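J.: 3D model of this:
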Amino acid sequence: MTFQPVLPLSGIAGWALLKRTLPAQQAAFAQSPSLRRDEAAFRDRIGQITTADALIADRQVLSVALGAYGLDGDIANKAFLRKVLDEGTLAADALANRLADKAYRSFSATFGFGDFAVPRTVLSDFPDKVLERYRTLRFEAAVGQQNEDFRLALNAERELADLAGRGLGDDAAWFTIMGSPPLRKVFEVALGLPSRFGTLDIDRQLQVFRDKAADRLGITGISDFADRGVTDRLITRFLGQAALAAGPSASTPGAAALQILSGRSA
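T.: Below you'll find the model as predicted:
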């Protein structure tokens, strides 16, 4: 039986409880029999997989590979995945570089089928790196089955810490956020951007993101997210705005207080 994350509360209080219990919950989730079977199969077979065709032909191993990048829904799109993997990431016009969702680029670059004469799958530490991501994202997905806002918050913590440490220029970092649907959603909600915002010219979107983040989060650039307190500020604002958008219910703990704070109380 797969361990299910314990999430008795929602909102900021629920997030605080999840963070306190996160190491124990992740450890319990990692012992789930189905997860362990998939990881064992990946570890056993990935070293012999040296082409995109071979990866796509092994559904169990492919499932782990896609799951490590949140791309599980593409498992049946074989021709598309083959093209993403075979074209690699070194050429500017490679498919993975042209897709809005940059998870495909990370997926292709990690396996290296289109970038190197010898793919990364034969490296001794390759299974450990992929499986660490797989466990993390599978846990986040399990959280998301109960509370999608918490899944997005966990993803934002992880991705922003990585992004802040890459040394990218600020424009490139913002475009990376804009090209990641989960990260983009967190910023759009936290900054109070309307649903039609995505229809604006891309350069205009960049300017709005930068200006709103400076005004509401007090940041001067994405490198500021190297400070965990800045990320906490973003997530707290995201969860608060998401709760307001969902609307309080009589059965939700703290609903009356939320109504008063949001100005909705009669």
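J.: for Phe3, what are its contacts?
T.: Contact analysis of Phe3 by CB atoms under 8 Å, 6 or more residues apart in numbering lists 25, 28-29, 31-32, 142. Every residue, glycine included, has its C-beta placed from N, CA and C.
J.: can you give me phi and psi for it?
T.: phi -70, psi 130 (degrees, to the nearest 10).
J.: Now the residue nearest the centre of the chain: which helix or strand?
T.: Centrality entry for the chain: nearest residue to the mean C-alpha point is Asn155, 4.0 Å, by CA atoms, centre = their mean. Secondary structure from DSSP states H and E places Asn155 in helix 148-164.
J.: if we can go back for a sec, between the contacts of Phe3, which sits nearest Trp174?
T.: Proximity of the contacts of Phe3 to Trp174 (CB to CB) peaks at Ala142, which lies at 30.0 Å.
J.: buried ones in the helix or strand where the closest one lies?
T.: Per DSSP H and E, Ala142 falls inside helix 126-146. Residues of helix 126-146 classed as buried: 126-127, 130-131, 133-140, 142-144 (neighbour count, 16 or more other CB atoms under 10 Å).
J.: Hmm, Ser32 is touching Gln25, no?
T.: No: assessed by CB atoms under 8 Å, Ser32 is found out of contact with Gln25, at 11.6 Å.
J.: For stretch 74-87, which outside residues touch it?
T.: Outside stretch 74-87, the residues that touch it by CB under 8 Å, 6+ apart are 52-53, 55-56, 59, 62-63, 66, 94-96, 99, 104, 107-108, 111, 113-114.
J.: residues in contact with Asp203?
T.: Contacts of Asp203 by CB under 8 Å, 6+ apart: none found.
J.: Could I get the average pLDDT for whichever strand or helix holds it?
T.: Here Asp203, judged by DSSP H and E, is contained in helix 202-217. The average pLDDT within helix 202-217 is 95.
J.: please begin residue numbering at 596 from this point
T.: Sure, I'll start numbering at 596, so the last one becomes helix 797-812.
J.: And it, what's buried?
T.: Neighbour counts over helix 797-812 (16+ other CB under 10 Å) mark 800-801, 804-805, 807-808, 812 as buried.
J.: With stretch 615-623 instead?
T.: Gln620.
J.: Then stretch 649-660?
T.: So for stretch 649-660, counting by 16+ other CB under 10 Å, buried means 649-651, 653, 656-660.
J.: from the middle of its chain, how far away would stretch 827-834 be?
T.: Distance of stretch 827-834 from the chain centroid (CA atoms, centre = their mean, to the nearest Å) equals 16 Å.
J.: swap that for stretch 819-832, sorry
T.: In terms of CA atoms, centre = their mean, the centre of stretch 819-832 is set 16 Å apart from its chain centre.
J.: So for that stretch, mean pLDDT?
T.: 95.
J.: Buried ones in it, by neighbour count?
T.: So, applying 16+ other CB under 10 Å, buried residues of stretch 819-832: 819-820, 825-826, 828-830, 832.
J.: Next: stretch 739-749.
T.: By neighbour count, with 16+ other CB under 10 Å as the criterion, the buried positions of stretch 739-749 are 739, 742, 744-749.
J.: Please name the nearest non-neighbouring residue to Lys780.
T.: Nearest residue to Lys780 in three dimensions, chain neighbours excluded: Leu747, at 5.9 Å (CB to CB, 6 or more residues apart in numbering).
J.: So the one you found sits against Phe833, correct?
T.: Yes: the pair Leu747 / Phe833 is scored as a contact, 7.3 Å apart, by CB under 8 Å.
J.: Mutual contacts of the two, please.
T.: Val781.
J.: the helices in the stretch 646-795 of the chain, which residues?
T.: For the stretch 646-795 of the chain, the helices defined by DSSP state H, counting those that start in this stretch cover 647-652, 654-662, 673-682, 690-693, 698-706, 721-741, 743-759, 765-773, 776-785.
J.: Which one of those helices lies nearest to Ala841?
T.: helix 743-759 (8.7 Å).
J.: neighbouring contacts of the closest one?
T.: 602, 605, 609-610, 613, 731, 735-736, 738-739, 768, 771-772, 775, 777-778, 780-781, 817-821, 823, 826, 829-830, 833-834, 837.
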